[in-house]
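Participant: Let me see the structure of the following:
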Amino acid sequence: MIRMAQYGTKHGHASGKLQSMLSNSEVEVVGLYEPDAERRRAVQGGDGPYGQVRFFDSAEEMLGDDSIVAISSEGLNSESLDQTEQIVQAGKHVWYDKPAGDKWEQWQRVVAEARAKKLQVQMGFMFRYHPGFVQIADWARSGFLGNVYSLRAHMSTKLAPEARQVIADGHYGGIFFDLAGHMLDQVVWILGRPEKTTTFLRNDTGLVPDFHDNTLGVFEYERAMAWIDIAAMEPQPMARRFEVYGDKGSAILIEPFEPGHAIRLCLTEAAGGYEKGEQTVNFEGIGRQGLYDLELEAFVRVLKGEQEPDRSLDHELLVQETLLRGTGLIEG
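Facilitator: Model (predicted):
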């Protein structure tokens, strides 16, 4: 049994991650610490996962408990990197929700300390466990699609003005900073580190003037380009898409990709049991909570020594570096 706790409740994935821990038969949830007293009063004892856990009175009470092996880091983006550093300093593994802050030197320091202490830090990019994304990445990385020359991702959402203001108050890059890491996790897994980044960060609604609500990132490689467009005002249901094009085939995750159900595969020649030309490859879609569950299952297997991490610490660093290059906080 892996004893775990949670630090924070303000991240958009926080309640879902706690629910995954409560549902996992190999995890014992010891408790949760929320530093904001008002937020704590609002969620403590209510319906849902927060009503099922003990709340610690201080961070020290949680971090100083040697029986706690790992902690889920679920604070706001503006506080979570500091909280994650505290967790690592306390010698505990971290299930860390995205993105890894906007202080590049600090994130490098946290990863270096985790590496030195042989701690696992697993970022909460849940689509790396999505069967459609997994299949397309396998095809792209194996050469099945030939030389990949183009990757396009569309992952817009609809945010209320108050949610936009929370992001604008702490970070530059708006909706791109908040969401692009999910798609960059796929981009750099398939293509590696981009040689050049160019990002268009616009405010086109005027609802929150200092919030970038209509954004596009272009990531250039020696023989490929990747485009990621994200806006904060797309009408629902959202038409999220993911497309990979190679010179021997293309694979498009048919929208919406969450939970997803099919890939449009097109091949120049028959291969791998698939026909030449266009065909539909069906898979069983997994909803958001199910993806959280898969994330946690992989994290627990790593902690138990049953598997190697699905992504290395170098990969987690690269995703964040690429995001910060895209928002202009790192040159390139």
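Participant: only C-alpha atoms for contact and neighbour calcs from this point on.
Facilitator: Will do.
Participant: Roughly how far does Phe257 sit from Leu207?
Facilitator: When Cα to Cα, to the nearest Å is the yardstick, Phe257 and Leu207 sit 28 Å from each other.
Participant: Between these two, which has more neighbouring residues?
Facilitator: Set side by side, Phe257 and Leu207 show more neighbours around Phe257, with 25 against 14, by other Cα atoms under 10 Å.
Participant: Low-confidence stretches in the stretch 1-150 of the chain?
Facilitator: Within the stretch 1-150 of the chain, the set of residues satisfying pLDDT under 70 is empty.
Participant: Any buried residues in stretch 312-320, and which?
Facilitator: Leu313, His315, Glu316, Leu317, Leu318, Val319, Gln320 (16 or more other Cα atoms under 10 Å).
Participant: what do you get for stretch 259-279?
Facilitator: Taking 16+ other Cα under 10 Å as the neighbour-count basis, stretch 259-279 is seen to contain the buried residues Pro259, Gly260, His261, Ala262, Ile263, Leu265, Cys266, Leu267.
Participant: when you check the buried residues of stretch 312-320 against the helices, which ones overlap?
Facilitator: Leu313, His315, Glu316, Leu317, Leu318, Val319, Gln320 (DSSP state H).
Participant: Quick check: the gap between the spatially closest residue to the fourth one that is not a sequence neighbour and Gly101.
Facilitator: Meaning Leu317. For Leu317, ignoring the flanking residues on the chain, the nearest one in space by Cα to Cα, 6 or more residues apart in numbering is Gln108 at 7.2 Å. Plainly put, Gln108 is 11 Å away from Gly101 if you go by Cα to Cα.
Participant: Can you lay out the ones in helices among the buried residues of stretch 312-320 as a markdown table showing distance to Gln186 and pLDDT?
Facilitator: Below are those laid out as a markdown table (distance: Cα to Cα, whole Å; pLDDT from 0 to 100):
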| residue | distance to Gln186 | pLDDT |
| --- | --- | --- |
| Leu313 | 15 | 98 |
| His315 | 11 | 98 |
| Glu316 | 11 | 98 |
| Leu317 | 14 | 98 |
| Leu318 | 11 | 98 |
| Val319 | 9 | 98 |
| Gln320 | 12 | 98 |
